[in-house]
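K.L.:
next come a sequence and a model predicted from it.
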Amino acid sequence: MHILIVEDEKKIADSLQKGLEELDYQVTVAYDGKIGEKLFFQQRFDLMILDINLPGINGLDLCQHIRQQNKQVPILMLTTFGSVADKVEGFDAGADDYMVKPFSFAELVVRIRALLKRSSQDVQPVGNLLQFADLEMNLDTKQVSRSGKPIALTAKEFLLLEYLLRNKKRVVSRADIGENVWNIDFDTNTNTIEVYINYLRKKIDKDNPVKLIHTQVGFGYILKEG
């Protein structure tokens, strides 16, 4: 597995590279956002570790640039900013996971393995569709539509909707969503999940008479008609 680390703190970047290479990962390091962007589009990477405060281009902008071209590669953001608003901003930019400095290397490795495992499981045959009522998701083109009308989703919104579609007509708890859409130890005490459910409702249900995303008070969420 080839990992790209974009981190301007050389000591952190070199330490991560050394530790990951000892675990048999192939690692490339960039200390600048512009260089990281150039490397990403020149080579094939299985995962990206991305700092937010970077010279050249910041991590949020870089993540958005990458997501415009590649919605599949897992992106793990590293930052000193740890508020819920900061995390939402990172996920909105297209990150799959978010770690606050300082962090444990052992935890980082667990999260990397989880992201790589999820990424490998997401490989689908051409033309694979998820459908419910008049809502359709193409897992290959990453396009979503309702009644034939395209719906633009961020990477995290797409993953959340995919999880709801795969569990249609079944109540999924906040813990289920946190573990399967975010990461294995997602803090369910935050309101991040509610924020993203509301994002989906505005894009999928707001202009439609039949609502599909419902709250099951005390239990979680369910995708159903009515």
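P.N.:
The structure has been received and is ready for your questions. Numbering: from 1, shown residues only.

K.L.:
who are the contact partners of the nearest residue to Arg44 once chain neighbours are set aside?
P.N.:
In this structure, Arg44 finds its nearest non-sequential neighbour in His2, 6.7 Å apart by CB to CB, 6 or more residues apart in numbering. All C-beta atoms are positioned from the backbone trio N, CA, C, and that covers glycine. By CB atoms under 8 Å, 6 or more residues apart in numbering, His2 lies in contact with Tyr25, Gln26, Val27, Thr28, Gln43, Arg44, Phe45, Asp46, Leu47.

K.L.:
residues contacting the nearest residue to Thr80 once chain neighbours are set aside?
P.N.:
Closest residue in space to Thr80, ignoring its immediate chain neighbours: Lys101 at 5.0 Å, by CB to CB, 6+ apart. Counting by CB under 8 Å, 6+ apart, Lys101 touches Ile12, Leu78, Thr79, Thr80.

K.L.:
now do Lys156
P.N.:
Phe91, Asp92, Gly94, Ala95, Asp96, Val181, Tyr196.

K.L.:
ok, the closest residue to the fifth one other than its chain neighbours to Gln131 distance?
P.N.:
Put plainly, it is Asp96. Nearest residue to Asp96, sequence neighbours excluded (CB to CB, 6+ apart): Pro74, at 4.7 Å. Note on Pro74: its distance to Gln131, by CB to CB, to the nearest Å, is 26 Å.

K.L.:
tell me which of those two has more neighbours.
P.N.:
Shown here are Pro74 and Gln131; by other CB atoms under 10 Å, Pro74 has more neighbours (23 against 11).

K.L.:
three-state assignment of Met137?
P.N.:
strand (DSSP: H, G, I helix; E, B strand; the rest coil).

K.L.:
give me the number of residues near it?
P.N.:
23.

K.L.:
then the one 10 residues further on?
P.N.:
The local packing of Ser147 (other CB under 10 Å) involves 11 other residues.

K.L.:
how close does it get to Gly226?
P.N.:
17 Å.
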